[in-house]
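In: this one's structure only:
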């Protein structure tokens, strides 16, 4: 009799056995707590919905734990730290990397669990299970499977696609599927999910609009994917229609305060966040087992930022500092994403660097006697750093955040719509497109609204809106597959990767601009690369020449000071910049899989859709 383990949904398969390979004790190796027979388990709506829950957390754990940060944000150059898995930002990850293998097996665990759920719902549900519950479970399974493949294709390109776990177990050595067919498979799954999912939900389960949002994003990707630099207009038209349906008919709205998106009180877990279309829902950090909770808090938070153990240290990249300097009115998103010297956070109350209670008066600009003032001359990560236990009603633990992980929020839909309306044009003043992109700018309370926009404007807006949300790299890959030369120029000539900013190297000026001093790291070594001009004790800053004390200005740009970081770096012997090309934009396959399956070294094939 077929057995169903309620935690793993009966799935022991992940492609080529990567699930069972691990460096150390693997939480998946623990014995099942309960065994049920599949032909008797699916006997109520409650049981069916319970079977879906691991697809919102457990299945994604090995991706969410650490790999997500490097894959989605470090590769996009949102932030940088030479001591925190720098190989992701320097594009030196190999097939032996543990986090790479963990992410790969996590995506395929999502796929295998989704396959199993689809099979079991169709085969084992009793007459006591309503059609509504079956449709919801099937819709979520298709949504999750499509989402996992959508991540895979934008990370690895050609990947293995399968729908039948039993057939895959019997013959696990199968060819890779071509990128375009992987995307078509993703789109088919999202369309199926739209047909099955309800328009509304009171239990944080996915809705029809969740699937529409993911379909819009996948169609936007496929519209220009390896298409000679031109996007398919019919696909773009459908993208706009999907976005309009979500915006006009879905029960979603932009959060009024951008910073609220990353507070415990407005976490989608508490049902107080109408901007969330799709998120991973993690269990309570205080009661959850390893594998069911969001365990990346200590990698994101930094020493002194909380009363929980933290060792992270992600700093704003030079790119992001430059972007915010372009428009100093965009301070709300900046201060919610990275800490700035002297900035006061009234919702963050820790025991370090606090203003004294006596000084916390309305006359001094403080709303109450609580709050945190960031006194360092760094720009460390703020987004996802939730503060102390008290700031989370106690729901914070070592290596466990109370916040769920966004897959898509409404802001993404507005920017997808704006990009689809831009289409193949160099620039547009389309009223609908402007309304979409300016809605995001209005929420951020930036000073000026756009009167026209380009792809460059879309890129800048996305980088700031979703900085350190582990999403920006995936959009960059979509643009690369649409406009490869444009994006190679962006990667290699407009981004500054692996540039270190040390303590004392950031100043917040009276005019609200940011002064910073930086120097590059060697790609072949974690140690810093600098000389007299570029040393941490030097005086080469982005906006002026300064004395070694960093406060005294020697020469400003108005006085003839020239800042050309690229030219300075390239003039130095031994400088080895990060260079992106077709050979490293997509990740290497896990070495263990390559050794077991000869097809990883052969051309990918078309997928048999059976239609």
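Out: Everything's here; your move. None of these values were measured; they are calculated from a predicted model. Numbers count the residues shown, from 1 in each chain.
In: How far does stretch 551-563 sit from its chain's centre?
Out: 38 Å (CA atoms, centre = their mean, to the nearest Å).
In: can you give me the end-to-end distance of it?
Out: 18 Å (CA to CA, to the nearest Å).
In: which intervals of the chain have sub-threshold pLDDT?
Out: 1-37, 268-272, 350-370, 522-539, 611 (pLDDT under 70).
In: Swap in 50 and give it another go.
Out: 1-34, 270, 350-355, 365-367, 526, 532, 535-538 (pLDDT under 50).
In: Checking the residue nearest to the spatial centre of it next. Helix, strand or coil?
Out: In the chain, the centroid-proximal residue (CA atoms, centre = their mean) is residue 470; its distance is 1.7 Å. Three-state call for residue 470 (DSSP: H, G, I helix; E, B strand; the rest coil): coil.
In: Leaving out chain neighbours, which residue sits closest to it?
Out: Leaving aside its sequence neighbours, residue 470 sits nearest to residue 72 (CB to CB, 6 or more residues apart in numbering; 3.2 Å). Heads up, the C-betas are built off the backbone N, CA and C, glycines and all.
In: for residue 601, same thing?
Out: Nearest non-adjacent residue to residue 601 (CB to CB, 6+ apart): residue 594, at 7.0 Å.
In: do the same with residue 474
Out: Per CB to CB, 6+ apart, closest to residue 474 is residue 154, 4.7 Å.
In: ok, now which ones touch that neighbour?
Out: 221, 473-474, 477-478 (CB atoms under 8 Å, 6 or more residues apart in numbering).
In: What helices and strands are in contact with the host helix or strand of residue 335?
Out: Assigned by DSSP states H and E, residue 335 falls within helix 331-337. Packing partners of helix 331-337 (3 or more CB pairs under 8 Å, 6 or more residues apart in numbering; DSSP states H and E): helix 318-326, helix 455-465.
In: Would you mark the buried spots in stretch 490-504?
Out: Neighbour-count burial for stretch 490-504 flags 490-491, 495-501 (criterion: 16 or more other CB atoms under 10 Å).
In: Could you dump the residues you listed into CSV and include distance to residue 137 and secondary structure?
Out: Output for the buried residues of stretch 490-504, formatted as CSV (distance: CB to CB, whole Å; DSSP: H, G, I helix; E, B strand; the rest coil):
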residue, distance to residue 137, secondary structure
490, 42, helix
491, 41, helix
495, 43, coil
496, 47, coil
497, 43, coil
498, 45, coil
499, 48, strand
500, 48, strand
501, 48, coil
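In: tally of neighbours for the nearest residue to residue 45 once chain neighbours are set aside?
Out: Leaving out its chain neighbours, the residue that sits closest to residue 45 by CB to CB, 6+ apart is residue 133, at 3.9 Å. Taking other CB atoms under 10 Å as the criterion, the count of residues near residue 133 is 20.
In: again, but for the one 3 residues further on
Out: Using other CB under 10 Å, residue 136 has 24 other residues around it.
In: Could you measure from residue 328 over to residue 147?
Out: Here the criterion is CB to CB, to the nearest Å. By it, residue 328 lies 37 Å from residue 147.
In: neighbours around residue 46, how many?
Out: Counted with other CB under 10 Å, residue 46 comes out at 10.
In: Please identify which helix or strand holds it.
Out: Judged by DSSP H and E, residue 46 forms part of helix 45-52.
In: and that helix, which residues are buried?
Out: 45, 47-49, 51-52.
In: can you pull up the bridge partners for the residue lying closest to residue 64 once chain neighbours are set aside?
Out: Closest residue to residue 64 in three dimensions, ignoring its sequence neighbours and counting by CB to CB, 6+ apart: residue 405, at 5.6 Å. Judged by DSSP bridges, the bridge partners of residue 405 are residue 280.
In: Would you quantify the distance from residue 405 to residue 71?
Out: Residue 405 is 13 Å from residue 71, by CB to CB.
In: can you list residues touching both of these two?
Out: Joint contacts of residue 405 and residue 71 (CB under 8 Å, 6+ apart) are residue 470.
In: where along the stretch 51-200 of the chain do the helices fall?
Out: 61-62, 68-69, 98-124, 131-156, 165-170, 179-196 (DSSP state H, counting those that start in this stretch).
In: likewise the stretch 501-611 of the chain?
Out: 565-570, 582-585, 591-596.
In: ok, back up a step: residue 328 and residue 147 - which one has more neighbours?
Out: residue 147 (29 against 15).
In: Quick one: residues contacting that one.
Out: Taking CB under 8 Å, 6+ apart, one finds 110, 186, 214, 278, 407 in contact with residue 147.
In: and residue 454, how many neighbours?
Out: Using other CB under 10 Å, residue 454 has 14 neighbouring residues.
In: Oh, that last question was meant for residue 572, not what I typed.
Out: 14.
In: Residue 346 touches residue 371, doesn't it?
Out: Yes: judged on CB atoms under 8 Å, residue 346 makes contact with residue 371 at a distance of 4.5 Å.
In: and the two? which has more neighbours close in?
Out: Between residue 346 and residue 371, residue 371 has the larger neighbour count (other CB under 10 Å), namely 17 against 12.
In: what's the closest non-adjacent residue to residue 117?
Out: Nearest to residue 117 is residue 141, by CB to CB, 6+ apart, at 4.4 Å.
In: follow-up on the earlier one: could I get the helices of the stretch 51-200 of the chain as JSON lines with distance to residue 396?
Out: Output for these, formatted as JSON lines (distance: least, CB to CB, whole Å):
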{"stretch": "helix 61-62", "distance to residue 396": "18"}
{"stretch": "helix 68-69", "distance to residue 396": "19"}
{"stretch": "helix 98-124", "distance to residue 396": "24"}
{"stretch": "helix 131-156", "distance to residue 396": "27"}
{"stretch": "helix 165-170", "distance to residue 396": "37"}
{"stretch": "helix 179-196", "distance to residue 396": "33"}
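In: closest to residue 295 out of the ones you listed?
Out: Set against residue 295 and scored by CB to CB, the helices of the stretch 51-200 of the chain come closest in helix 61-62, at 7.3 Å.
In: Please list the residues outside that closest one that contact it.
Out: By CB under 8 Å, 6+ apart, helix 61-62 touches 27, 102-103, 105-106, 109, 291-292, 295.
In: how close does the residue nearest to residue 117 get to residue 573?
Out: In terms of CB to CB, residue 141 sits 56 Å off from residue 573.
In: So which residues of the stretch 301-450 of the chain form strands?
Out: Counting by DSSP state E, counting those that start in this stretch, the stretch 301-450 of the chain has strands at residues 315-316, 344-345, 372-373, 405-409, 427-428.
In: ok, back up a step: I'd like to know which of the helices of the stretch 51-200 of the chain is closest to residue 550.
Out: Nearest of those to residue 550, taken as CB to CB: helix 68-69 at 29.9 Å.
In: can you pull the contacts of the closest residue to residue 284 other than its chain neighbours?
Out: Spatial nearest neighbour of residue 284, chain neighbours left out: residue 395 (6.0 Å); criterion: CB to CB, 6+ apart. Contacts were defined as CB under 8 Å, 6+ apart; by that measure residue 395 touches 264, 284-286, 389, 402.
In: No further questions, thank you.
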